[in-house]
Each structure stands twice: as C-alpha cells, then as structure tokens.
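**Student:** Sequence first, then the predicted structure, then my questions.
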Amino acid sequence: GGNPLGSRVAIEALKVLKEENLAENAYTLGAAFRAEMNRYIADTPGVCLGVRGRGLLNAVIINERPGKPDAWDLCLTLRDKGLLAKPTHGNIIRLAPPLCITKEQMDDCVSILKDGLKAIE
C-alpha cells in the first residue's frame, strides 16, 4: 500500500512543477549562471578554477592555495553578503537555489559570488 495523502501531495507538487515551468526555469537560469561564471573565470584567472552543474545545482571549484582563503572561507564571506553555499570536498562550493528563483535573484547571486571571490583573492 501507499499513503493516499502523500500520493496526493506528490501529484500536486508535480502539477506545480509543470504549470510554473520550474524545470525549464532551472535549465535556463543554470545555463546562464554557468556562462556568466565562465566569463568571469576567463577574465580573472586565479581564485576560481571552474564551474560545473546541471540546472540550478552547481559547483564552483576554488583554487587551493597554501596559506590563502579556501572554499570554507569563501562560504563564510558569501554568508555575510547574504548568499548561502555549502563547502564540499575541500575546494568546492555547492550552490542549490530554489527552483522558483527569478532572473533578478540569480543575477544578485552571481554578483555576490563575484564579490566573494574578489574578497578572497
């Protein structure tokens, strides 16, 4: 058996995903995020080695430099600027915004991330 209430909630959640085009939004904004970050990395090599991801789930790879700020330090800097990110695997930070994020909010995230990267150079 299953749980009728849980099943109904899942069906409604899937309807919202479809009606609000959340998967398309994730694909579009995720691609825009990676493109903008790749432009930034090309223009300012050093601290950030790369960005990868799918949809809105993205990882930013930080250059490990002895005696210099690391991914953890970057996450603390981002937190202080209003953006939450999770350090993982030592030199990688994970970004996972909500599926309902807007273009303007994503632009703010990119701006904060760039400022954070500049702060730990």
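**Tutor:** The structure has been received and is ready for your questions.

**Student:** Could you check the longest helix anywhere in the chain and say which residues are buried?
**Tutor:** Secondary structure of the chain per DSSP state H: the longest helix is helix 22-43. Within helix 22-43, the residues that count as buried by 16 or more other CB atoms under 10 Å are 22, 25-26, 29-30, 33-34, 36-37, 40-41. Placement of C-beta: from N, CA and C, glycine included.

**Student:** possible to save those residues as TSV with distance to residue 58 and pLDDT?
**Tutor:** Formatted as TSV, those follow (distance: CB to CB, whole Å; pLDDT from 0 to 100):
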residue	distance to residue 58	pLDDT
22	16	97
25	14	96
26	11	97
29	10	98
30	6	98
33	6	98
34	7	98
36	11	97
37	8	97
40	13	96
41	13	95
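
**Student:** Just name the closest of those residues to residue 60, please.
**Tutor:** Here the nearest of these to residue 60, counting by CB to CB, is residue 37; it sits at 6.9 Å.

**Student:** Centre-most residue in the protein?
**Tutor:** residue 95 (2.8 Å; CA atoms, centre = their mean).

**Student:** correct me, but it touches residue 109?
**Tutor:** Yes - shown here, residue 95 and residue 109 form a contact pair, counting by CB atoms under 8 Å, at 7.3 Å.

**Student:** which residue ranges form the strands in the protein?
**Tutor:** All strands of the chain, identified by DSSP state E, fall at 48-54, 57-62, 86-88, 92-95.

**Student:** I'd like the ones you listed as a markdown table, with mean pLDDT and distance to residue 105 appended.
**Tutor:** Shown next, in a markdown table, are the strands of the chain (pLDDT from 0 to 100; distance: least, CB to CB, whole Å):
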| stretch | mean pLDDT | distance to residue 105 |
| --- | --- | --- |
| strand 48-54 | 97 | 17 |
| strand 57-62 | 98 | 14 |
| strand 86-88 | 95 | 18 |
| strand 92-95 | 97 | 12 |
